[in-house]
Every structure is written in structure tokens, then in C-alpha cells.
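Participant: 3D, please:
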Amino acid sequence: MTFFTRILSAVALSLILAGSALADEKAHRLAIHVDQNDPAVMNLALNNAKNVQSYYDEKGETVTIEIVAYGPGLKMYTADSPVKDRISVMSMEHENLTFAACGNTLAGMEKKAGKKVELLSEATMVQSGVVRLMELQEQGYSYVRP
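Facilitator: Presented below is the predicted three-dimensional model:
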């Protein structure tokens, strides 16, 4: 075996071992469903997210969390939300925490109000909250409804 062949073999073995270690590390993903215009329910969802984040932080592992709001729950993402400050703080503290807002619900709210409804800057618009939850579960996200 030549020196060059030994180097290539060592590099290949290192890549195989590194790939195996990465495959063993499970990707943690959580989808949280909020469909009620109730600060207590939203605070429970935020508590769930915070507790899951803390758990995996302590283990030195990462977790991706998405809170999906639709129907009456979308009120928790509007500019007059009673939990807007907490959403803002948590969004800054946890880069892997996102807030999905249902576009179908928003369109209905705006039609009923006869004006544009302002959402929190942390909210990311998705076409349909229900479809988003389906897609997340199809991608291997665990599902929680507080």
C-alpha cells in the first residue's frame, strides 16, 4: 500500500465515522398548535417551548420548535396580543423557535374588520395553518396541542 493510498484510506475512514456519528444524533423537532384566543393557552404553548428548549440545551442538543397559530389563536400574533412581549423575548432568546401565522385566518380577519390586521414581526405567514401542521408532521416533527 502506497503512502498516498494510506492517506486516502484514512480520510475515507474518518468521513465514514463522522457520518455515522451525525446519523446517530437525532434531530429534535416540535410543532405546537394554537387555535384558541386565550392568553393562558398561548402561555402554556410558550412554556412548553421554553421547557423543551431548556431540556435539550442541558443535554447539549438542538431542537427546532415552530408554534403554528390559526383560527381564533391567530389573535395571539396580532399587534394587540396580551403575550406579544413574551413572544418577542423568546424569539430573540431562541433562534430555532419560529411562529407561523395562518394566511387563511388573517384574510378572514381582515375581511371581517374591513382593514389590514397588523401581525407581530416575529410571525411568519404561511398559507394555511392546518396544512403547515401537516407538513411539519410529515417532516418528522412531534406534535403538541396545549
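
Participant: ok, residue 109 touching residue 74?
Facilitator: Yes - the pair residue 109 / residue 74 is scored as a contact, 6.7 Å apart, by Cβ atoms under 8 Å. Any C-beta I mention is one placed from the backbone N, CA and C, and that applies to glycine too.

Participant: and the two? which has more neighbours close in?
Facilitator: residue 74 (26 against 18; other Cβ atoms under 10 Å).

Participant: May I have the residues that are in contact with residue 65?
Facilitator: Taking Cβ atoms under 8 Å, 6 or more residues apart in numbering, we find residue 65 in contact with 29-32, 49, 52-53, 94, 96-98.

Participant: Quick one: which of those residues is the most crowded by neighbours?
Facilitator: Highest neighbour count within these, by other Cβ under 10 Å: residue 32, with 27 neighbours.

Participant: pLDDT value on residue 27, please?
Facilitator: Listed pLDDT for residue 27 reads 83.

Participant: burial count for the residue lying closest to it once chain neighbours are set aside?
Facilitator: Nearest-residue entry for residue 27: residue 140, 7.2 Å, with adjacent residues in sequence omitted and distances by Cβ to Cβ, 6 or more residues apart in numbering. Residue 140 has 10 neighbours, counted by other Cβ under 10 Å.

Participant: can I assume residue 140 sits in a strand?
Facilitator: No - using DSSP: H, G, I helix; E, B strand; the rest coil, the assignment for residue 140 is coil, not a strand.

Participant: Nothing else from me, thank you.
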